[in-house]
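# give me coordinates for this.
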Amino acid sequence: MRISGGVVVLAAGAALLPLSATSGQTAPGGAKSPGRDWPTLGGEPGGSRYSTLASITPANASTLKPVWTYHMKPAGAAASAPSAVDREQARSEQMGPGPSARQGMGVTGGPFARGGRFAPSESVPLVVGGVMYLATPYSRIVALDAATGKERWVHQLPANVQPATRGMDYWPGDGRNPPALIFGTNDGRLRAIAAADGTPVPGFGEAGSVNLRTPDVMVGGPNKPYAMNSPPMIWRNVVITGSSVGEAVGGALGDVRGWDAATGRLLWTFHTVPRAGEPGHDTWASDSGLNRGGVNAWGLMSVDVARGIAYIPLGAPANDRVGTDRPGNNLYSTSVVAVDAATGKYRWHFQITHHDIWDNDAEAPPTLIDVKRDGKVIPAVAIESKNGLLFVLDRVTGKPVYPVAEHPVPASDVPGEATSPTQPFPARPAPLARMGMKPDEIADVTPELAAFCRKLVDDNKLVLGQPYTPPTYNRPMVYFPGTLGGVNWGGGSYDPKLGLYIVNAFQLGQIMQITADGKGGFTNRGPVNGRFWQPETRMPCQAGSWGDLVGVNVHTGTIAWRSRLGVTDAAPEGRQLTGRPSLGGPITTAGGVTFVAATDDARLRAFETRSGRELWAAKLPASAHTNPITYGVGRRQYVAIVSTGGSFLGSPVDSDQLTVFGL
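This next block holds a predicted model:
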């Protein structure tokens with residue numbers, strides 16, 4: 001093991017396959033599949049997160065060891081204070097029922113932290129040409145030697161300015177302009193620095209920075225929350241940006257915009273809530289979409305490079321639990337919208353949840369796949385949201401590859417709430433996550449957990465929701481999969497050789513209750529709102545798996561396998577393989593291995609992609625609520641992961657470490 005700074009790297013001892021066998025493969029959508037490099041968060045713009053490297057295999061994955069580590073926190077640095085967006089979202093995200101749970105939200109690190117020594121991060125590093133680029137939560141971007149972890153350069157951001165928590169995107173340049181790293185920051189700016197030395201790109205905006213907080217989006221006022229917490233998506237010379245705007249009524253707009261990668265000039269704007277005269281405007285009755293906040297792309301986008309189509313996942317409207325002031329289906333909330341990447345012109349959309357009052361944000365990256373059916377190859381896209389359903393659509397037309405039906409769902413009992421009478425359900429595949437609960441499905445991992453959960457249900461007369469049961473009025477209900485998923489921003493990975501889409505799905509119910517706010521409106525902050533778990537042990541209250549890794553055969557629309565993902569260390573011996581809630585996603589490789597961290601049990605794991613069999617697990621210094629990457633330098637294959645803890649799972653923030661593994 002070699003230690004450098006605070007990043008641990010594991011390297012594969014076996015030689016990489018010859019470059020002729022591992023490079024040049026084309027991913028769905030026309031981009032080159034990553035091999036030695038990992039130049040964008042999804043590996044390539046289509047978001048497949050599939051690497052052609054094959055040195056690490058099911059036969060040798062169990063021998064992976066740390067190679068080097070890098071500590072992101074410089075000497076004397078303080079943990080970051082919560083941003084305005086984080087504070088606002090924390091008010092609607094309680095960790096569990098009652099005061100004991102709310103104490104776990106933390107102070108210093110905002111809603112992502114349960115400790116003050118370190119700052120949380122979901123950063124996914126990039127690797128290009130043997131150089132690793134890493135955005136840290138300590139106002140720094142660093143370039144490291146990808147084989148040793150040695151610092152090559154450091155870009156220092158202004159005080160209290162943090163890069164997007166999930167990282168950056170790499171622009172290879174255009175012949176006249178050299179390669180650059182482009183990223184958003186918590187002060188609402190889009191920045192570009194030279195990949196060669198980390199200096200601001202002088203021709204990009206003003207001294208390498210563009211102000212995203214323009215009057216056309218800051219309709220609620222210039223001081224409303226507006227930031228970026230995910231990387232932009234770059235197609236050719238177009239930088240496509242989403243935003244994080246909080247979840248309060250009267251905030252900033254969630255419009256998606258395209259910018260010139262060389263100059264920072266605004267190229268186009270897509271209105272995520274249609275304006276008067278635009279298609280979809282009538283889905284906001286009584287002009288209720290005017291200046292409506294939310295409906296923003298805070299997650300991860302993808303692009304069909306060959307066709308020039310960008311796929312934009314959008315979140316719920318504000319307020320995301322009460323829609324009495326926004327009758328209608330509310331396009332394009334909780335939808336995936338396909339637009340022309342060059343112009344932002346609308347192509348098609350698919351709404352996952354009509355009139356969303358469950359916070360079902362479609363934040364996971366739409367993953368480009370190729371479906372083989374009836375002797376034909378259908379260019380498709382896999383889309384999902386927190387509701388745990390997977391939809392497979394033709395990525396050119398938006399039409400379902402597998403049938404989708406509108407099924408009747410319960411109506412709301414909140415006065416004035418006009419919920420949609422139906423919601424879309426795919427015929428295939430089956431739900432990835434639990435969507436309801438019966439009274440006899442109380443967890444019994446320990447007698448104490450069973451007693452706590454039964455008392456929680458009985459004393460509060462909890463309504464145990466079925467699919468799309470609306471939040472109830474003046475009585476708490478349990479909604480599955482919950483406001484964290486299902487499937488969250490990490491999304492899935494696609495192995496084109498096996499035709500398998502791999503995704504981590506989990507079951508963590510959310511207790512919801514709508515009450516009058518005393519001002520003529522409503523609030524979702526009832527006395528027992530929060531996660532449906534025992535806060536002290538973090539054990540969910542429903543029986544069955546609490547988290548799985550799922551392999552879906554995209555050619556048949558069936559679930560090929562399902563494996564428990566994660567252990568509960570506090571559970572009795574013999575009952576620890578419970579599965580765990582997870583935030584982050586997997587990657588797959590040509591060696592037949594899937595890597596995933598994401599769980600709140602502080603481990604990185606390897607699975608055999610074909611079967612779902614767990615091959616290896618490594619304990620990390622903190623939970624890694626992010627995605628791993630794999631890359632090659634010389635004759636070695638590496639796997640790297642940032643593990644700090646944090647996220648809306650509230651894992652202890654006990655580390656600042658990047659760890660790199662190899663054989």
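# which SS class is Cys453?
For Cys453, the secondary structure call by DSSP: H, G, I helix; E, B strand; the rest coil comes out as helix.
# correct me, but it touches Cys541?
Yes: with contact defined as C-beta atoms under 8 Å, Cys453 counts as touching Cys541 (3.6 Å). (C-beta placed from N, C-alpha, C; glycine too.)
# what touches both of those two?
442-443, 534 (C-beta atoms under 8 Å, 6 or more residues apart in numbering).
# re the thing from before, more crowded one of Cys453 and Cys541?
Residue environment comparison for Cys453 versus Cys541 gives the larger neighbour count to Cys541, 27 against 22, counting by other C-beta atoms under 10 Å.
# torsion angles phi and psi at that one?
Geometry field for Cys541 lists phi and psi as phi -90, psi 0, criterion degrees, to the nearest 10.
# ok, it - contacts?
With contacts defined as C-beta under 8 Å, 6+ apart, the neighbours of Cys541 are 442-443, 449, 452-453, 456-457, 509, 532-534.
# who wins on neighbours among the shared contacts of Cys453 and Cys541?
In terms of neighbour count, Gln534 stands highest of these at 23 neighbours, by other C-beta under 10 Å.
# tell me how far that one lies from Thr446.
Applying C-beta to C-beta, to the nearest Å, the value for Gln534 to Thr446 is 9 Å.
# likewise for Gly277?
For Gly277 relative to Thr446 (C-beta to C-beta), the value is 59 Å.
# repeat for Leu212
With distances taken as C-beta to C-beta, Leu212 is found 49 Å from Thr446.
# and these two? Which one has more around it.
Looking at Leu212 and Thr446 with other C-beta under 10 Å, you find the greater number of neighbours at Leu212, namely 22 against 17.
# now do the contacts for the spatially most central residue of the chain.
Nearest to the centroid of the C-alpha atoms of the chain, with distances taken as C-alpha atoms, centre = their mean, sits Trp489, at 1.4 Å. Counting by C-beta under 8 Å, 6+ apart, Trp489 makes contact with 166, 230, 298-300, 363-365, 583, 585.
# again, only using 7 Å
By C-beta atoms under 7 Å, 6 or more residues apart in numbering, the contact set of Trp489 is 299-300, 363-364.
# run through the stretch 551-663 of the chain and note the low-pLDDT ranges.
Counting by pLDDT under 70, the stretch 551-663 of the chain has no low-confidence residues at all.
# what ranges do the strands span in it?
Counting by DSSP state E, counting those that start in this stretch, the stretch 551-663 of the chain has strands at residues 558-564, 587-589, 593-596, 603-608, 614-619, 629-633, 636-643, 657-662.
# give me the buried positions along stretch 130-137.
Of all the residues in stretch 130-137, those buried under the rule 16 or more other C-beta atoms under 10 Å are 131-137.
# how about it as PDB, C-alpha atoms only?
Once non-C-alpha atoms are left out, stretch 130-137 reads as follows in PDB (Å, rounded to 0.1, in the frame of the first residue of the first chain):
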ATOM      1  CA  GLY A 130      -3.100   9.800 -16.200                       C
ATOM      2  CA  VAL A 131      -4.300  12.900 -14.300                       C
ATOM      3  CA  MET A 132      -7.000  12.700 -11.700                       C
ATOM      4  CA  TYR A 133      -9.200  15.900 -11.200                       C
ATOM      5  CA  LEU A 134     -11.100  16.100  -7.900                       C
ATOM      6  CA  ALA A 135     -13.500  18.800  -6.600                       C
ATOM      7  CA  THR A 136     -13.200  19.000  -2.800                       C
ATOM      8  CA  PRO A 137     -15.600  20.500  -0.200                       C
END
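# my guess is Val336 contacts Ala364, does it?
No: distance between Val336 and Ala364: 9.5 Å, which falls outside the contact criterion (C-beta atoms under 7 Å).
# pull up the overlap in contacts between the two.
When contacts are counted by C-beta under 7 Å, 6+ apart, Val336 and Ala364 are jointly contacted by Pro313.
# start to end distance for stretch 615-629?
The distance separating the two terminal residues of stretch 615-629, taken as C-alpha to C-alpha, to the nearest Å, comes to 18 Å.
# in TSV: the strands of the stretch 551-663 of the chain, plus distance to Ile502 and mean neighbour count.
Converted to TSV, these look like this (distance: least, C-beta to C-beta, whole Å; neighbours: other C-beta atoms under 10 Å):
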stretch	distance to Ile502	mean neighbour count
strand 558-564	10	17
strand 587-589	6	28
strand 593-596	5	29
strand 603-608	8	24
strand 614-619	13	17
strand 629-633	14	26
strand 636-643	15	29
strand 657-662	19	27
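# out of the ones you listed, flag the one nearest Pro415.
If you check each of the strands of the stretch 551-663 of the chain against Pro415 by C-beta to C-beta, strand 558-564 wins as the nearest, at 40.4 Å.
# pull the residues that contact the closest one.
Residues lying outside strand 558-564 but in contact with it, judged by C-beta under 7 Å, 6+ apart, are 428-430, 500, 545, 548-553, 577, 579, 607, 611-612, 614.
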